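Visitor: coords below, sequence missing:
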């Protein structure tokens with residue numbers, strides 16, 4: 001792909017569908033030069049959008065989460081975002097300069113669903 005300002009824009013994509021808590025769940029990962037976008041949806045559309053940034057250059061960094069759109073009040077959203085960010089950091093997909101945009105749209109934010117979606121996503125990411 002050509003970048004709008006010239007040069008090549010490398011994009012890596014991967015997606016899968018699995019069942020979590022009896023519900024079809026789509027998992028999509030798109031890796032851009034400056035961020036990783038992850039979609040976790042059981043509704044087939046975007047919902048809550050979270051930005052997760054690394055706060056330091058350390059080997060086991062702390063992450064800051066920010067709700068850009070949607071409902072952050074759901075219990076587990078913040079934890080799920082940090083779990084995925086931590087995993088992607090260990091896989092060297094996230095760096096201080098490459099952050100995570102997490103798009104969540106789940107039928108339920110109960111512990112079983114959030115835990116199942118997290119497990120499915122981490123297994124898919126390898």
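Guide: Arrived safely, thanks for sending. These numbers were taken from a predicted model, which means no experiment stands behind them.
Visitor: low-scoring pLDDT stretches of this protein, where are they?
Guide: By pLDDT under 70, the low-scoring segments of the chain are 1-9.
Visitor: If we use 80, what do you get?
Guide: 1-9, 56-61, 71-75 (pLDDT under 80).
Visitor: can you map out the helices along it?
Guide: 77-90, 111-125 (DSSP state H).
Visitor: Tell me which of the ones you listed is the most buried.
Guide: helix 77-90 (a mean of 20; mean count of other CB atoms under 10 Å). For every residue, glycine as well, the C-beta is placed using N, CA and C.
Visitor: Show me what it is packed against.
Guide: Helices and strands touching helix 77-90, by 3 or more CB pairs under 8 Å, 6 or more residues apart in numbering; DSSP states H and E, are strand 35-41, strand 48-54, strand 63-69, strand 99-105, helix 111-125.
Visitor: let's see 7 Å
Guide: strand 48-54, strand 63-69, strand 99-105, helix 111-125 (3 or more CB pairs under 7 Å, 6 or more residues apart in numbering; DSSP states H and E).
Visitor: one step back: which one of the helices of the chain lies closest to residue 69?
Guide: With CB to CB as the measure, helix 77-90 is the member of the helices of the chain nearest residue 69 (12.2 Å).
Visitor: Now distance to residue 23 too, for the helices and strands packed on helix 77-90, in CSV please.
Guide: Shown next, in CSV, are the helices and strands packed on helix 77-90 (distance: least, CB to CB, whole Å):
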stretch, distance to residue 23
strand 48-54, 17
strand 63-69, 22
strand 99-105, 11
helix 111-125, 8
